[in-house]
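Participant: I would like to see how this sequence folds:
(one chain, ligands or ions: 1)
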Amino acid sequence: MQRRFVSVGECMVEMAPTGTAGTFAMGFAGDTFNTAWYARRALPDDWRVDYVSCVGTDPVSDRMLAFMEHGGVGTTHVARIPDRTVGLYLIELSDGERSFVYWRGQSAARLLARDPARLDAALDGAGLVYFSGITLAILDARDRAVLLEALDRGRAAGAQVAFDPNLRPRLWRDLDAMRAAVTKAAAHADIVLPSFDDEAAVFGDASPEATARRYAAGGAKLVVVKNGPGEMLTLDAGTVAVHAPERVARVEDTTAAGDSFNAGFLAARLGGASLANAVREGARTAARVIGARGALVG
Ligand code: ADP
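Facilitator: Prediction:
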């Protein structure tokens, strides 16, 4: 297998409150980027981790690319779009509750699947390609189809494809459009990594097993259902197993729990770990991340 982990999606500027009123610290995060960042830390050095996206040509885009490279995530396949820039979100803290405001409607990343040849080059020689429901949500319908076709070509060339539905109703025109696009994309993946609470809210699943069976029926060989502090469930070629979560003494910030779980799990699987051990690695990675503040916890 080629030792290349490729993640496709959008990284954004993050403005997070510093504690001093009216002052924000600038960082960079985004679900598929977070997974790439944690995968870089979890995989051995002979693996490459590359991000596939688009940014602008402005100084903030330069800073984002420098941040990725500094984190060991390759940017060869992050294209520059002259008349666009990166998306941004701001975290508001009010009485200890976090809320998010986004500016991403015209972000450069929305064009990441405009050019099929560029996607083919980015996926060439990948051992694993990872994408999410947020990757789908930022693309128009035509570009979503282009991405799925490129993933199929990648699979035919030997890559495994992993998909986190990461359901975000606010990013979609309506729930039916989201359900249809996510279900379709999952059918192009070998490994599907849903979170039960999101799936129950959107698809009405009565149990983690119902979530797993729904994605398996669509064609996924392996489904890993994450479940906050609850038991996780796997469905592997028809075999169901449940897995205990890690105990976390104090939950500080659950941002990127699922993203970091995916990285720990996939890296362990790519290294040949058993399913149970890989789930444990994912849960351990997530437990470390939720025990500290921020999306990217070193
Ligand atoms: P997401 O961040 O995508 O909503 P979940 O909330 O399902 O995902 O969490 C992903 C994984 O992170 C869980 O399956 C579990 O391993 C770990 N996790 C999340 N919250 C907790 C918690 N309170 N205690 C222990 N593990 C947790």
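Participant: Just want to check the distance between the closest residue to Met12 other than its chain neighbours and Gly298.
Facilitator: Once flanking residues are discounted, Met12 sits nearest to Gly87: 4.3 Å by C-beta to C-beta, 6 or more residues apart in numbering. To be clear about C-beta, it is placed using only N, CA and C from the backbone, and glycine gets the same treatment. From Gly87 over to Gly298 the distance is 24 Å, taken as C-beta to C-beta, to the nearest Å.
Participant: picking that back up, list the contacts of the residue nearest to Met12.
Facilitator: 10, 12-13, 102-104, 107, 109 (C-beta atoms under 8 Å, 6 or more residues apart in numbering).
Participant: Phe131 bridge partners, please.
Facilitator: With DSSP bridges as the criterion, Phe131 is bridged to Phe163.
Participant: That one contacts Ser7, doesn't it?
Facilitator: Yes: Phe131 lies in contact with Ser7 (C-beta atoms under 8 Å); the separation is 7.3 Å.
Participant: Need the residues touching each of those two.
Facilitator: With C-beta under 8 Å, 6+ apart, Phe131 and Ser7 have common neighbours Thr32.
Participant: Of the two, which one has the most company?
Facilitator: Ser7 (33 against 28; other C-beta atoms under 10 Å).
Participant: Show me which residues of this structure sit near the ligand.
Facilitator: Residues of the chain found near the ligand (C-beta under 6 Å from any ligand atom) are 195, 226-229, 232, 245-246, 248, 251, 254, 257-258, 261, 283, 286-287, 290.
Participant: Give the buried subset of these as a ChimeraX selection command.
Facilitator: The following ChimeraX line selects those of the residues of the chain next to the ligand that are buried, judged by 16 or more other C-beta atoms under 10 Å:
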select :195,226,227,232,245,248,257,258,261,283,286,287,290
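Participant: what pLDDT does the closest residue to Asn227 other than its chain neighbours get?
Facilitator: For Asn227, ignoring the flanking residues on the chain, the nearest one in space by C-beta to C-beta, 6+ apart is Phe196 at 4.5 Å. In this model, Phe196 is scored at 98, pLDDT.
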